[in-house]
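*Asks:* Okay, sequence plus prediction incoming.
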Amino acid sequence: MADPMKIRANVVGDSTEVKVLMNHEMETGQRKDAQGKTIPAWFIQTVTATYDGKTVLAAQWGPAVAKNPFLAFKFKGGAKGDKVQITWTDNRGDRRTDEATIA
Amino acid sequence: MNQIRWRLAAGVAGVALAAFAAHAPGQGSTVDEIAKYRAALQDGNPAELWEARGEELWKRPRGPKNVSLERCDLGLGPGVVKGAYAQLPRFFADANRVMDLETRLLYCMTTEQGMADADARKQLFGNGNDRKSDMEAIVAYVTSESKGVKMNVALDDPHVREMYALGERMFYFRGGPHDFACATCHGEDGKRIRLQDLPNLTTKEGAQKAYTTWPAYRVSQGEVRTFQWRLYDCFRQQRFPELVYGSDASIALTTFLARNANGAAFDAPAIKR
Amino acid sequence: MRMSTCMTWVAVAAAAVGCATTPSDSEVNAKAAQMLKASFKEAGQAKLDRLDQDDTQRTCSLYAGKALPKDVAARIEAANLATIQYPADGKLVGDWKNGEKIAQEGRGKQFSDDPQGAVGANCYACHQLAPQELSFGTIGPSLYRFGRTRGFTDETRKYAYGKVYNADAFAACSNMPRFGHSGILTDAQIRDVVALLVDPDSPVNK
C-alpha cells in the first residue's frame, strides 16, 4: 500500500479549505529508461473527497498531473472537529484512503 | 509527470518570453517569472511526505539490535532532535570524528542499531517510489525540527576548526579537466549558470541563503535531496571523480559552509526546481 | 585565505590565543591533500588522477580569493600560451551551425556521461551568444557580436581559436576551461566554436 497522504482541513468563513499532498509516482507511460524501454504508466485515476457521507469532490486524473501531487479545494459547509476523507485509486488497482479532522 | 506545474509556469512565462523574445536582454522578466513559479510551489511541498516517513523511521525499532534511533545523540543529547541540525557539524568524542547529520546517522545506524555499513548505505539517494531512501526521509524529519532555529555551528573544538580550514581549502581547489573549483561558480555576486542564480558562498549572505535551504524537494528529481547529495552532484558536474558519501572532504566543506551561515534562521526542507 | 582562517580562530578564541597555535600552512596543505585522495573514488571515466593538479591549477588554487601578483599571472599566461597548437593547415574557422550545437551541449567528461557520447563546450552555461537564446549564464562576459565588434580579421580568428584552446594564455586563472589543452574539444570542434564567434553569418554577429 502507498504511503499516507498529508491532509490539512480548515474552516474558512462558511466553507472548508482542504489541502492534500499525495505520495504517488505519477508515471506518464511516455518516458523511456536508460536502456530505451518504456517505463510503464502508473498514475492516479480517481480522487474522491467525502464529508458527512456526501461526496464533496470527485476528480478524474491522468498522466498530466505532477508526481507527488498537491491538491487544494474548498467545499461549502464543514465544521471544526468533523472529518474529511480522501480516497484515490490508480491504474494498477491500488487505492488509498486517509482522513483528517477539520481544524 | 510534472506537466501541470510546468504548464502553469509556461502559461505565465510564455507571455513574458513572447513579449521579450525580440530583445536580447529580456532576462529580468524570465528570471522573475521563474521566481513567481517557485513562490507558487511553496504551498504543498512534497517534502512533508518525506518528513512524515522520516519521523516514523526515527521512532521505529530497526536493525539487528532492534532499537530506535531515539537513542542517537546528534549533539544535544540522545534522542534530542529539536535544533540539532542547526549546530551540526560538530565533533563527536565517541566516534572521534567531526560529523555532519548524514554521517552521524550512519554512525547511529551501525553502532546503535547494529546495521552493517553496506546496509545502512544501501539507498542513500532515492530513485522513485519503489527505491525510496530511508536516509533522505530521516534527514527530512530531523532537519524539519530545526526550522526557525538560528544556525549556530561552534568553532571552539580544534577538530572542527581544522575541518573548517580544510573545507575552505577544498572550496578553492581547482581540479579536473575543466579546472573547476567550488569558487568557479560560487565565488562572485550576481552570477548564474544558464538561468539558475548562483549564491556567492564566500560571503555571509550567500552562505546563509544557500545553506539554510537544504535539504530540499527537487522537483526535477522528484526526491528530497540532502546536502551530501548537493556536494556529490556539484563534484560530478565539476568533472571530478565521485565524492564518497560522508567522506572527510564532504564534512570539511559542510563545516565551512554551515559555519559561514551562522546567524541565519534555518528554513528547510525547502522546495527547489 | 590564510588571513581569514587565522582571524576566525582569533575571533572565536576571544583574542586570547592569537595566531601562534594555528597549524602551519604546509601542515594544512599536507592534510588537505591526504583528505582529498581518501574522499573520492573513481567512477565511470573519472579516475583519481583528475585530482592531480598541474602547475596552473595548483598556483590558481593558492591565490584564489586573493589578488594575483603580476609576475605570477605573467608566468601562468606564458606557460599556457606555449601550449596552444594551431591547426597545421591554418584553417581556424569551421561550421557555425555545428558550433551552436557544441555551445548548447552540456554533457561530456562527467562520470555520469557515456565516454563515447557527445562532448560539448557548454558555452551557454556561462555566456550569452546567439541573441535568440534567452537561457544563458553570466559567469563569463556576453559574446554577442564577438566578431562584429572585434572585426572579421585574421587577428580576431587567431585570438578566438587560442582563447577557446587555452583561456589561461590570455587571463591567468581564468574560470574558463582550457578546452584544447585539456582535451575536452577536438580541433574540429574548436574550429566550429570559432565559427560561431567570428563568422559574419553566425547569429552571434547578427
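*Replies:* Arrived safely, thanks for sending.
*Asks:* Next one, pLDDT for the closest residue to chain A within the stretch 151-273 of chain B please.
*Replies:* Closest approach of the stretch 151-273 of chain B to chain A (Cβ to the nearest Cβ) occurs at B:Gly222, with a separation of 4.5 Å. Every residue, glycine included, has its C-beta placed from N, CA and C. B:Gly222 carries a pLDDT value of 93.
*Asks:* what's the neighbour count on it?
*Replies:* For B:Gly222, the neighbour count with other Cβ atoms under 10 Å in any protein chain shown is 19.
*Asks:* tell me the SS of the closest residue to it other than its chain neighbours?
*Replies:* Closest residue to B:Gly222 in three dimensions, ignoring its sequence neighbours and counting by Cβ to Cβ, 6 or more residues apart in numbering or on different chains: A:Lys67, at 4.5 Å. At A:Lys67 the chain is in coil, as set by DSSP: H, G, I helix; E, B strand; the rest coil.
*Asks:* Now for A:Lys67, how many residues are close by?
*Replies:* So A:Lys67, with other Cβ under 10 Å, has 23 neighbours.
*Asks:* what does C:Lys66 give?
*Replies:* Residues near C:Lys66, counting by other Cβ under 10 Å: 12.
*Asks:* cool, and A:Ala49?
*Replies:* Counted with other Cβ under 10 Å, the neighbours of A:Ala49 add up to 22.
*Asks:* What's the local residue count around the residue in chain A positioned nearest to chain B?
*Replies:* Using Cβ to the nearest Cβ, A:Phe70 is the residue of chain A that sits closest to chain B, at 3.1 Å. Other residues lying near A:Phe70 total 19 when counted by other Cβ under 10 Å.
*Asks:* what residue ranges in chain A score low on pLDDT?
*Replies:* Counting by pLDDT under 70, chain A contains low-confidence residues at A:1.
*Asks:* Would you mind listing what in it touches chain B?
*Replies:* By Cβ under 8 Å from any Cβ of the partner chain, the part of chain A that sits against chain B consists of A:2-4, A:6, A:19, A:21, A:23-28, A:31, A:63-70, A:72.
*Asks:* Which ones among those residues map onto strands?
*Replies:* A:6, A:19, A:21, A:70, A:72 (DSSP state E).
*Asks:* if we can go back for a sec, I'd like to know which of the residues of chain A next to chain B are buried.
*Replies:* A:3-4, A:6, A:19, A:21, A:23-28, A:63, A:65-70 (16 or more other Cβ atoms under 10 Å in any protein chain shown).
*Asks:* Any figure for the gap between the residue lying closest to A:Lys6 once chain neighbours are set aside and B:Ile271?
*Replies:* Nearest residue to A:Lys6, sequence neighbours excluded (Cβ to Cβ, 6+ apart): A:Leu21, at 4.2 Å. Between A:Leu21 and B:Ile271 the computed distance is 11 Å (Cβ to Cβ, to the nearest Å).
*Asks:* so what sits against both of those two?
*Replies:* B:45-46 (Cβ atoms under 8 Å, 6 or more residues apart in numbering or on different chains).
*Asks:* got a list of what the residue nearest to A:Lys6 touches?
*Replies:* A:5-7, A:68-70, B:44-46, B:48-49.
*Asks:* For the residue nearest the centre of chain B, give its distance to chain C.
*Replies:* Nearest to the mean C-alpha position of chain B, by Cα atoms, centre = their mean, lies B:Phe227 at 2.5 Å. From B:Phe227 across to chain C, the span is 15 Å (Cβ to the nearest Cβ, to the nearest Å).
*Asks:* Quick check: phi and psi on that residue?
*Replies:* phi -70, psi -30 (degrees, to the nearest 10).
*Asks:* Just give me the neighbour total for B:Tyr172.
*Replies:* Using other Cβ under 10 Å, B:Tyr172 is surrounded by 20 other residues.
*Asks:* Burial check on the closest residue to it other than its chain neighbours, number of neighbours?
*Replies:* In space, and not counting its chain neighbours, B:Tyr172 is closest to C:Ala64: 3.6 Å by Cβ to Cβ, 6+ apart. Neighbourhood size, C:Ala64 [other Cβ under 10 Å]: 22.
*Asks:* Check C:Ala64 and give its pLDDT.
*Replies:* 88.
*Asks:* Kindly report the same for the one 10 residues further on.
*Replies:* Confidence at C:Ala74, expressed as pLDDT, is 98.
*Asks:* do the same with B:Ala39
*Replies:* Looking at B:Ala39, its pLDDT reads 76.
*Asks:* Helices of chain A, start to end?
*Replies:* Under the criterion DSSP state H, chain A contains no helices.
*Asks:* Helix or strand next in line after the strand or helix carrying B:Glu33, which one?
*Replies:* Element membership for B:Glu33 (DSSP states H and E) is helix B:27-41. Remark: after helix B:27-41, the chain's next helix or strand is helix B:47-59, criterion DSSP H and E.
*Asks:* Identify each buried residue in that following helix, please.
*Replies:* Under the neighbour-count criterion of 16+ other Cβ under 10 Å, helix B:47-59 has B:47-55, B:57-58 buried.
*Asks:* try stretch C:45-63
*Replies:* For stretch C:45-63, by 16+ other Cβ under 10 Å, it's C:45-46, C:50-51, C:53-54, C:56-57, C:59-63.
*Asks:* Among these, which one sits closest to B:Gln123?
*Replies:* C:Ala46 (22.4 Å; Cβ to Cβ).
*Asks:* Phi first, then psi, for the closest one.
*Replies:* According to degrees, to the nearest 10, C:Ala46 has phi -90, psi 100.
*Asks:* And the pLDDT at it?
*Replies:* At C:Ala46, the pLDDT value in this model is 98.
*Asks:* Do the helix holding B:Glu33 and chain A come into contact?
*Replies:* No - contact of helix B:27-41 with chain A (Cβ under 8 Å from any Cβ) is absent, the minimum separation being 8.6 Å.
*Asks:* what packs against that helix?
*Replies:* Packed against helix B:27-41 by the contact rule (3 or more Cβ pairs under 8 Å, 6 or more residues apart in numbering or on different chains; DSSP states H and E) you find helix B:3-20, strand B:270-272.
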